[in-house]
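>>> got a structure for you, letters missing:
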């Protein structure tokens, strides 16, 4: 494929997909080890009410307020889950189920009650995003990468996602050590003076920010899939946290690239004329990778006794 | 209008949908209780999301066979098959790899859902049958439902409920005490499978009404709601069924009474309202009751510790302890105990001496087990027993009050 | 150190004299912890003697582990205060090493033995400090002391229960603390591990460190420890083994749960006041 076709049509969606996948997979590793894998699921469900409320309050569809609303909804959901879990003495899974379904239902209801026909805001878009539409029309080829005029027309989602990824990277690098210690042995971490509650909340908020930014660009399916599948597959590949996180990044990148390519060109190879959902295909590829790792990964079997035995 | 709806006066279809929804709500509430008690509530989330590829593939197959692809029974069959495959994947992952169940749930949920979306877009690009409203399965849609579809739903709900009634005994046993059930010769794995089968049935029947994203709410929320009101297992099951039924019926009626009130979300929100009321106001496990109890308890602890410190003429540092002693008129503002304070402190210390004796005496073992630092000794021993102990201690002369 | 017997003067209090508080490496005053509305630990005072090995003993569910966890802020107490070396706990974290119960963590966590020991160097390394050869050597040293040097590069899930316990001890050693608090380190470990652990603890004592152990095996108390702290929801007795670990105090702590015959075998002073 020539640069004049690839750069404007595929480079930016591909990069956004990769950034989103990695930004979600990184905190996903810790969530997985903390038995909080489904927090990603809950967060991605409550993003919808968040953006609907933001739209109702501001009356505009703009990235800023919507991301703010989504992040706010994520924090509200996390706090509610904790409250219900503690106050009602209910297992976390059930508490999560209560909160995210209710908030999602509230979002759908608000959406139905509001006249959003004039704006592009609907449930389908929230679910599977529209990665394919994030193209860079002003690019003419590889040369555009150094052309300031063309660069200024890059889709804003790209810089937003890149910034989010950077933020996630900084958080994980900076707090690597306390995250690792408190994930392995929370009681010990507390005696070291690590504020484990704050750290846990910070991790969830980081995950929420990654989810919200990624969701804005690629929809919530990718978000859930990338939180869980690459880290889960990576779990089967390494017995060290460093190795696991490294593998999860590899899997996230492969899922994003392969998923995007298969969604865009797969149908053409099969003789059909239109592309299929890139978000859905990326999630599917990550699932296939997980299946392969679960079947053949060198570290797929559990080695220690589970906690509490 | 709302009144009419609640009284099923809005036409055959709406009535049938309301009845179907109620049956579904009851079945889901009861089934969900078994899941909840097995601590596997969110398995239902994986099951429901895993239905999507099945719906799409069933549509494609029916179109390929020359049908119109929209036959509800056919679509539901497809969804059941793919939910079954999803469930199998989930069990395989938890059993054969080091992944915990929550990770396996998330993996199955997202991958199956993503694959389902891929198939939906395939259907879109094929240009057959305008997608046949398959997106309605995401969020449910009862508007413009056909008579036959409503019949399928009402029949499905009734069938699920019948299955529950037939299997309630072994399921209850497994949910509450799997080891005992196994000892009684019940195959736990088989009952677990049956339970999952019920979850699948409820999910499939509910797809058209509440949609696959929200069906989880019908399985989880009523069970959690019921748990607040009772500690008895059979009552939890029953109450969850009632809560689920009421939420579904009221929700379906509400949604039929006005435009732009989608059935699924309304049912979920009604269900949540019941949950919120229970969380706050349930008599024993409710938040309000717990907060009141905790405040009372904390005061008891501080008061008791304060009295003991007074009795032994020790300094008290804790501000709350001081405040409580003063408020009860046991301590003067300058920190000197009042007459009443001295008396109470002497009694507290004396009770501690009595307890110490009770706890070291084998013959009082049952009473000693009740000790927690707060319990009044009069509540576990008779006046005669206390007198006996006092004789051993040697009267109140030891107490320096 | 005076003997404090509950029946005489060790009544639960919210406060106590301040002199002992200032000197003790680990002093607890009026600590109450509850799960729900039943106190697991009620108004307990504890004053650990410096440079000695102290055992916390008591029947199952008597609040032994809870006392330690609440004193360290791992679980929140209802009331009470804790001083470490005469200062508030939070300013003295660097001087404390805590060894939690082995079963409190998921041993399937993706990490190696040496990495776990290096976790003990956290306060020295900080957030971003680079792990150098010196740190690794120090960690290997600690593993050497517990006899686990050959396992440094193993995945932790591959260890036996006793080996896991020794790794936890090595991590505590790496902290280079002055006060060591261990929660049931001898529970479910093999004889070799028990020997290795007690040797290390005695060595720590010889270096002038203070060691507190939640312990469940009454038969070894006299061999292993200098002081005991008996607890059953509240303090029963505290002091040197020879004085506080008697048939009398055991009876008070364990009640009918401890058969007279068992008491005999422990070789402690006979029951006073004639229970026979």
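In hand now; what should we look at? Being a predicted model, the structure only gives us computed values, none of them experimental.
>>> how many neighbours does residue A:63 have?
Residues near residue A:63, counting by other CB atoms under 10 Å in any protein chain shown, number 13. For every residue, glycine as well, the C-beta is placed using N, CA and C.
>>> give the contact list for residue A:81.
By CB atoms under 8 Å, 6 or more residues apart in numbering or on different chains, residue A:81 lies in contact with A:42, A:92, A:95-96, A:99.
>>> let me fix that, I meant to ask about residue C:197.
C:146, C:165-166, C:169, C:185-186, C:189.
>>> out of those residues, which are inside helices?
Under the assignment DSSP state H, these contribute C:165-166, C:169 to helices.
>>> circling back to that earlier point, just checking: which of the contacts of residue A:81 also lie near chain B?
Near chain B, judged by CB under 8 Å from any CB of the partner chain, the entries from the contacts of residue A:81 are A:95-96.
>>> which residues does the residue lying closest to residue A:34 once chain neighbours are set aside contact?
Using CB to CB, 6 or more residues apart in numbering or on different chains and skipping residues adjacent in sequence, the residue nearest residue A:34 is residue A:183, 5.5 Å away. Each residue near residue A:183 by CB under 8 Å, 6+ apart is listed here: A:30, A:33-34, C:109.
>>> tell me which element residue A:183 falls in.
Per DSSP states H and E, residue A:183 falls inside helix A:176-184.
>>> and after that helix, which helix or strand comes next?
helix A:186-191.
>>> now that following helix: average pLDDT?
Averaged across helix A:186-191, the pLDDT comes to 92.
>>> show me what that helix is packed up against.
helix A:176-184, helix A:196-218, strand C:96-99 (3 or more CB pairs under 8 Å, 6 or more residues apart in numbering or on different chains; DSSP states H and E).
>>> for chain C, what is the nearest residue in the stretch 101-250 of chain B?
Relative to chain C, the nearest point of the stretch 101-250 of chain B is residue B:103 (12.2 Å; CB to the nearest CB).
>>> and for that residue, the neighbour number?
28.
>>> hmm, back to that, most neighbours among the contacts of residue A:183, which one?
residue A:30 (25 neighbours).
>>> once you drop chain neighbours, what's closest to whichever residue of the stretch 1-150 of chain C sits closest to chain B?
At 3.0 Å from chain B, residue C:42 is the closest residue in the stretch 1-150 of chain C, using CB to the nearest CB. Distances taken as CB to CB, 6+ apart place residue B:373 nearest to residue C:42, at 3.0 Å, with adjacent residues excluded.
>>> residue contacts, the closest residue to chain C within chain B?
Taking CB to the nearest CB, chain C has its nearest neighbour within chain B at residue B:373, 3.0 Å off. By CB under 8 Å, 6+ apart, the contact list for residue B:373 reads B:301, B:304, C:12, C:32, C:39, C:42-43, C:233-234.
>>> residues from the stretch 51-200 of chain C in reach of chain B?
Checking the stretch 51-200 of chain C against chain B by CB under 8 Å from any CB, the hits are C:78-79, C:81, C:108.
>>> can you put those residues in JSON lines and add pLDDT, neighbour count and secondary structure?
Listed next are those as JSON lines, based on pLDDT from 0 to 100; neighbours: other CB atoms under 10 Å in any protein chain shown; DSSP: H, G, I helix; E, B strand; the rest coil:
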{"residue": "C:78", "pLDDT": "84", "neighbour count": "22", "secondary structure": "coil"}
{"residue": "C:79", "pLDDT": "84", "neighbour count": "21", "secondary structure": "strand"}
{"residue": "C:81", "pLDDT": "86", "neighbour count": "18", "secondary structure": "strand"}
{"residue": "C:108", "pLDDT": "89", "neighbour count": "21", "secondary structure": "coil"}
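>>> quick check, nearest of these to residue A:193?
The shortest gap between residue A:193 and any of these belongs to residue C:81, at 17.5 Å (CB to CB).
>>> three-state assignment of the closest residue to that closest one other than its chain neighbours?
Distances taken as CB to CB, 6+ apart put residue C:29 closest to residue C:81, at 5.3 Å, once the chain neighbours are dropped. Classification of residue C:29 using DSSP: H, G, I helix; E, B strand; the rest coil returns strand.
>>> same thing with residue C:54?
strand.
>>> does it touch residue C:213 like I think?
Yes - Residue C:54 is within contact range of residue C:213, at 7.2 Å (criterion: CB atoms under 8 Å).
>>> can you put the contacts of residue B:373 in TSV and add neighbour count, distance to residue B:111 and secondary structure?
Formatted as TSV, the contacts of residue B:373 follow (neighbours: other CB atoms under 10 Å in any protein chain shown; distance: CB to CB, whole Å; DSSP: H, G, I helix; E, B strand; the rest coil):
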residue	neighbour count	distance to residue B:111	secondary structure
B:301	26	51	helix
B:304	24	57	helix
C:12	24	58	coil
C:32	27	50	strand
C:39	25	49	strand
C:42	27	52	strand
C:43	28	55	strand
C:233	26	51	coil
C:234	26	55	strand
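>>> any idea how far residue A:287 lies from residue B:215?
22 Å (CB to CB, to the nearest Å).
>>> looking at these two, which is more packed in?
Higher neighbour count among residue A:287 and residue B:215: residue B:215, with 31 against 25, using other CB under 10 Å.
>>> what strand or helix carries the nearest residue to the more buried one once chain neighbours are set aside?
With sequence-adjacent residues excluded and distances taken as CB to CB, 6+ apart, residue B:215 is closest to residue B:206, at 4.3 Å. Using DSSP H and E, residue B:206 maps to helix B:188-210.
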